[in-house]
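*Asks:* Just to be clear, the model below is a prediction. Sequence and coordinates:
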Amino acid sequence: MARPTVRRRALAAAALLVVGVSIGPAVSASAPAGEAVPVLSEVRIARHATFDRVVFEFTGDVVPEATIDGPQANAPDAVLADPSGFPVIVDGAQVLTVSMSPAIATYAASMPPGPLYSGPNTFSPTETANVVHVVLTGDFESVLTWAIGFRVTAVPQVSELTGPSRVVVDIPHTAVPAQPATGAPTFTG
């Protein structure tokens, strides 16, 4: 008779787990009180004298906070789509992801007050020296993520600017050379 009790407990635990997952609180970034979540309005890519620039411009006055991951060597699973987790193909030897929050592009469930982004989701610039591919990889729960593929390892600089609201990523044309070590090495042990 212990068997039905164990089975009922397992079924009850599974039911609670399913109910907890389906009605649990949603986690998402949001704009400050009274402000709409910024909507991507334009992506621009340009070559400058010593760096390539990728600009993500947004509607409204709120500037999303940018977080970068990388750069890292590009590999088949280096970049994953959000929220599916499927691999995203990004051209280039190196890849960098830029996550911006709160921000959306085409995620209508966020119910933005204005139009959604209608531009391309992938760019393959030919005029840039280092940047070869820019791809939208995530637009979910007010987190917008793009991957940037480039030819040679470089240390990017990210800026969050106003007037208009934008996130700017500058990627140098050449790799930053390693600095020579100074001072004598210290050995312990």
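*Replies:* Noted; the coordinates are in hand.

*Asks:* any chance you could map the strands in the protein?
*Replies:* 40-47, 51-58, 65-73, 94-101, 122-123, 131-140, 143-150, 157-161, 166-172 (DSSP state E).

*Asks:* Of all those strands, which one is nearest Leu116?
*Replies:* Closest of these to Leu116 is strand 40-47, at 8.3 Å (criterion: Cβ to Cβ). Any C-beta I mention is one placed from the backbone N, CA and C, and that applies to glycine too.

*Asks:* list the buried ones in that closest one?
*Replies:* By 16 or more other Cβ atoms under 10 Å, the buried positions in strand 40-47 come out as 40-41, 43, 45, 47.

*Asks:* quick revisit: among the strands of the chain, which is the most enclosed?
*Replies:* Per-stretch averages of neighbours, counted by mean count of other Cβ atoms under 10 Å, single out strand 143-150 among these, with a mean of 26.

*Asks:* Name every strand pairing with that strand and say which way it goes.
*Replies:* Using DSSP bridges, the strands paired with strand 143-150 in its sheet are strand 94-101 (antiparallel), strand 131-140 (antiparallel).

*Asks:* now the longest one and strand 40-47, what's the angle there?
*Replies:* Put plainly, it is strand 131-140. Calculated by axes from the mean of the first three to the mean of the last three Cα atoms, to 10 degrees, strand 131-140 forms an angle of 160 degrees with strand 40-47.
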